[in-house]
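Peer 1: Mind looking at a prediction? Sequence and model below.
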Amino acid sequence: MKESGREQRQAYRIYILDAGAVLLGARLQALDGALYMPKLVAEEVRSPLGRTVLEALIASRRLTIFEPSPQFLERARQAYLEVGGRGISDADLQLIATAIELSTRGKVIVLTDDYAVQNILGFLGIEHRPVSQRGITRVFKWVKICPACGSRYDDLRLSRCPKCGTELIAVPRRLRKREDSKGSETRRS
Ligand SMILES: [Zn+2]
């Protein structure tokens, strides 16, 4: 992902996340636009880490779970039929339909590694970027903290604080202390 100029602010950016995008973890928080994920895609996120990232994004209102309208699902299906290729899932169709629908509201960028989806998005002229880059999941670590007593837990499956019973929240913890805004995205070999 390249650095997006601050001066291009007139275009409201909307990032639409495929399931694999949760691997970006805390870096999603830093994206310069709204985050959306289709409902069926969200249901595909099952790993504990993925769920933790999702729940944190939803709890902080950073991410909106979206259900595209039938008319846009139909347009996604049409695009799929025109492009051809292997079968795609209902979640993929929702992803594409969401991209089409939200394109009416701003500049859409879909974060996906799915080749078939990328192909159809390209056909539709919708921007997409890959998620996987080496080392990306290692830069941040997620922990759960208790907002009441401040205890910190590495076990992401905990939902309530064992000490005081308060509901825990997931927060990213940066492992390497390096974040300047010059667009150097943890460029290490
Ligand atoms: Zn506590």
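Peer 2: Thanks, I have the structure now.
Peer 1: isn't Thr166 right next to Ala148, touching?
Peer 2: Yes. Judged on CB atoms under 8 Å, Thr166 makes contact with Ala148 at a distance of 3.9 Å. For every residue, glycine as well, the C-beta is placed using N, CA and C.
Peer 1: Surely Arg152 is in contact with Ile145?
Peer 2: Yes. Here Arg152 reaches Ile145: they are 5.0 Å apart, a contact under CB under 8 Å.
Peer 1: Give me the neighbour count for Gly20.
Peer 2: Residues lying near Gly20 (other CB atoms under 10 Å) number 18.
Peer 1: Give me the local confidence score for it.
Peer 2: pLDDT recorded at Gly20 is 91.
Peer 1: Could you check how far it is from Leu49?
Peer 2: Using CB to CB, to the nearest Å, Gly20 is found at 12 Å from Leu49.
Peer 1: try Val110
Peer 2: From Val110 to Leu49 the distance is 22 Å (CB to CB).
Peer 1: Between these two, which has more neighbouring residues?
Peer 2: Val110 (24 against 16).
Peer 1: Would you double-check that the more buried one falls in a strand?
Peer 2: Yes. Per DSSP: H, G, I helix; E, B strand; the rest coil, Val110 lies within a strand segment.
Peer 1: Please name the nearest non-neighbouring residue to it.
Peer 2: Counting by CB to CB, 6 or more residues apart in numbering, Val110 lies nearest to His128, which is 4.2 Å off, once chain neighbours are set aside.
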